[in-house]
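Asker: pasting the sequence and the predicted coordinates here, then a few questions.
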Amino acid sequence: MSTTYSKPTKRIRKEHIARLLVYLGVALFVAFCLAPFLWIVSTSLKAPSQLHTRPPELISWPPFFKNYIDIFRGRPFAQNIWNSVVVAGWATFLSLVVGSFAAYALARLQFKGRDLILSMVLAVSMFPGIAIVSPLYLSFSRLGLVNTNIALIFPYITFSMPLTIWTLTSFFRELPMELEEAAKVDGCTPVQAFRKVIIPLSAPGVFTCAILVFIFAWNEFLFARTFMNNAASYTVPVAMQLFEGVGDYTIPWGQIAAASVVVTLPLIILVLAFQRRIVAGLTAGAVKG
Amino acid sequence: MSSRKSTPTNLPNQTDSQATTFLQDTFETHFHVWFLAPVVVFLLLLTFIPTLYLFYLSLSRWDVMTRSPAFIGLTNYLHIMRDPVFWASLQRTLVFVFSAVTIQLVLGFAIALLVNRPHIRGIGIMRTLIILPMSITPIVVGLMWRILYNPSFGLINSTLASLGIAGPEWLGSRDTALLSVILVDVWQWTPFMFLMMTAGLQSLPIEPFEAARVDGASGLQTFQLITLPMMKPIILIALLFRIIDGFKVSTFDPIFIMTKGGPGSITQTLNIYAFLTGFEWFNLGYASAIVVCALLLLTLIGRLFLRSGVFKGEIA
């Protein structure tokens, strides 16, 4: 960019202007994506009296850190975060266990009913949760599962199945068949070949898949809102939706902003740390197809 | 997995080593059955059977007045035909999904084309930063935008005010509420379209473009005659992803927290109508019928895409 030409031809000047426009476009797009986050952080550091200052301040002085303490007072917010960690963690783990076995069979074998299972999985990926939320609620309440983590973990496993099976099937497909054949020659049974050869080799794919399932489970709202009806059992999205002031009827916007920051930070760290894998996982299959 | 452990021990003749070997052999030869069984069980128990029950509920009357579902045939569906709220919600859902997805595609594609040239610095950082909106919990997105749209301390109206413009009430006004919730979806998902389009553009072979340049094709001609046709499969997949997710999540979570369908019912989508009917007005029979209609609509859209050959060369 900084190279200067003593006699810039028309073409080069045009190229420079084009580049400038590109950088401008990129900057605008990034600003559009990030400005909301900055404003929420800013709001989270404002006392109620600092909210309405005109002209608006990005940083109000002194910063009101009390919001970050108050969100944990008088409500089981820490417990809610822990619930989300437990539910999303178990859902991810079990979904990967169940899904990787199935994906392996689907990737390696031709058998009767294979297409039926694949189309069932595809159907579930289009299936709206709201369709089964009331039937599930009725069965869960009859089984006494309402307000238990199981009521969320099982549906999350089911609904993440398309993601898990699709990602992992395409991943297993890329591993050469010779691996298992070599294992078989060495006396491995198919199950041992899968466990000792395939799983370790596909760790990156499994990991990508795990991140995506975890984010899905962490974010889910409809089931959580329906199956959990006491404050200590809420997961993060439900707790956020029902966030109210303690002993106060005005909406505590500063605290809501602070709570948003607290529950979003882990996701942001996860995403920043593994962005390459996430992008690969999100666009997987689409390009190859 | 679990079946492997349990099969031998459940047998009475456990001491007989021959039986164990036989079982192990059977297990090994039919291992795909065991590998797939858990998935099938999950799908049956948690989607297939509940859906059957949903169909049954949609044919029943079950509200605050009745203690258990009573079969009433197609009455709920006949009622839906004459329910203006249903049709208005359906229309709003379609408007929401299709305008949001169209804007996302056009914007995402435009930016992808813009940066799809050699020697642009900072693309890696940009890609990292722009995936943030789409990984955030939809409920939190809704809360964030309630703060941003707030007429008295939100970013948008504060900025407008310092420019001397009195901003609208956004979520609070009948004129702007639907537009406002659509814009939130555009904010959250344009990066996804950008990523998909970038991945697509980078996977295109270079030869046709060189040939076009040699033949003296203009930029627009190249785009229309080469880029667009070659990008068609990935555009279709991206559209399918967003449309399906739009019907499932985007027309519920963020709207539910931002406006709960209001003001009046100006942002009430099918999902929100069904949820309110079932869980706030406790009319589960009628809510189920609404959901069945939404399900049919989704199936129809899914079939349209399948027919266009989106999944050719995919897993199946």
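Answerer: Now that the structure is in, tell me what you want to look at.

Asker: the helices in chain A, which residues?
Answerer: Along chain A, the segments classed as helices by DSSP state H run A:10-44, A:66-70, A:77-108, A:114-125, A:130-142, A:150-174, A:178-185, A:190-193, A:199-201, A:203-219, A:222-227, A:236-241, A:253-273, A:275-283.

Asker: is any residue of the shortest one near chain B?
Answerer: No. Helix A:199-201 is not in contact with chain B by CB under 8 Å from any CB of the partner chain; minimum separation 12.1 Å. Bear in mind the C-beta positions are built from the backbone N, C-alpha and C, glycine included.

Asker: the longest one too?
Answerer: Yes. Helix A:10-44 reaches chain B (CB under 8 Å from any CB) through A:18-19, A:21-23, A:25-26, A:29-30, A:32-37, A:39-40, A:43.

Asker: narrow these to those that are buried.
Answerer: Buried residues within the residues of helix A:10-44 next to chain B, counting neighbours by 16 or more other CB atoms under 10 Å in any protein chain shown: A:22-23, A:26, A:29-30, A:32-33, A:36-37, A:39-40, A:43.

Asker: would you list those residues in JSON lines and tack on pLDDT and distance to A:Ala258?
Answerer: Converted to JSON lines, those look like this (pLDDT from 0 to 100; distance: CB to CB, whole Å):
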{"residue": "A:Val22", "pLDDT": "88", "distance to A:Ala258": "37"}
{"residue": "A:Tyr23", "pLDDT": "89", "distance to A:Ala258": "34"}
{"residue": "A:Val26", "pLDDT": "90", "distance to A:Ala258": "31"}
{"residue": "A:Phe29", "pLDDT": "92", "distance to A:Ala258": "28"}
{"residue": "A:Val30", "pLDDT": "93", "distance to A:Ala258": "25"}
{"residue": "A:Phe32", "pLDDT": "92", "distance to A:Ala258": "24"}
{"residue": "A:Cys33", "pLDDT": "93", "distance to A:Ala258": "21"}
{"residue": "A:Pro36", "pLDDT": "93", "distance to A:Ala258": "15"}
{"residue": "A:Phe37", "pLDDT": "93", "distance to A:Ala258": "13"}
{"residue": "A:Trp39", "pLDDT": "90", "distance to A:Ala258": "13"}
{"residue": "A:Ile40", "pLDDT": "92", "distance to A:Ala258": "9"}
{"residue": "A:Thr43", "pLDDT": "91", "distance to A:Ala258": "8"}
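
Asker: distance to A:Thr250 added to those residues, as JSON lines?
Answerer: Shown next, in JSON lines, are these (distance: CB to CB, whole Å):
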{"residue": "A:Val22", "distance to A:Thr250": "46"}
{"residue": "A:Tyr23", "distance to A:Thr250": "44"}
{"residue": "A:Val26", "distance to A:Thr250": "40"}
{"residue": "A:Phe29", "distance to A:Thr250": "36"}
{"residue": "A:Val30", "distance to A:Thr250": "35"}
{"residue": "A:Phe32", "distance to A:Thr250": "31"}
{"residue": "A:Cys33", "distance to A:Thr250": "31"}
{"residue": "A:Pro36", "distance to A:Thr250": "23"}
{"residue": "A:Phe37", "distance to A:Thr250": "24"}
{"residue": "A:Trp39", "distance to A:Thr250": "20"}
{"residue": "A:Ile40", "distance to A:Thr250": "19"}
{"residue": "A:Thr43", "distance to A:Thr250": "15"}
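
Asker: distance from the chain centre to stretch A:267-276, please.
Answerer: Offset of stretch A:267-276 from its chain centre (CA atoms, centre = their mean, to the nearest Å): 10 Å.

Asker: now do it, average pLDDT.
Answerer: If you average the pLDDT over stretch A:267-276, you get 86.

Asker: next: stretch A:47-61.
Answerer: 76.

Asker: now for the helices of chain A, which one comes closest to B:Ile103?
Answerer: helix A:10-44 (12.5 Å; CB to CB).

Asker: what is B:Arg61 paired to in the beta sheet?
Answerer: Listed by DSSP bridges, the beta-bridge partners for B:Arg61 are B:Ala70.

Asker: ok, it - contacts?
Answerer: Going by CB atoms under 8 Å, 6 or more residues apart in numbering or on different chains, B:Arg61 touches B:69-70, B:72, B:75-76, B:285.

Asker: go again using 10 Å as the cut-off
Answerer: By CB atoms under 10 Å, 6 or more residues apart in numbering or on different chains, B:Arg61 lies in contact with B:69-73, B:75-76, B:283-286.

Asker: tabulate those (a markdown table), appending secondary structure.
Answerer: Conversion of the contacts of B:Arg61 to a markdown table gives the following (DSSP: H, G, I helix; E, B strand; the rest coil):
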| residue | secondary structure |
| --- | --- |
| B:Pro69 | coil |
| B:Ala70 | strand |
| B:Phe71 | strand |
| B:Ile72 | coil |
| B:Gly73 | coil |
| B:Thr75 | helix |
| B:Asn76 | helix |
| B:Asn283 | coil |
| B:Leu284 | helix |
| B:Gly285 | helix |
| B:Tyr286 | helix |
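
Asker: out of those residues, which is nearest to chain A?
Answerer: B:Leu284 (5.6 Å; CB to the nearest CB).

Asker: now that closest one. Nearest residue, chain neighbours left out?
Answerer: Leaving aside its chain neighbours, B:Leu284 sits nearest to B:Trp62 (4.6 Å; criterion: CB to CB, 6 or more residues apart in numbering or on different chains).

Asker: what is the neighbour count of that neighbour?
Answerer: A count of nearby residues for B:Trp62, using other CB atoms under 10 Å in any protein chain shown, gives 23.

Asker: thank you kindly, that will do.
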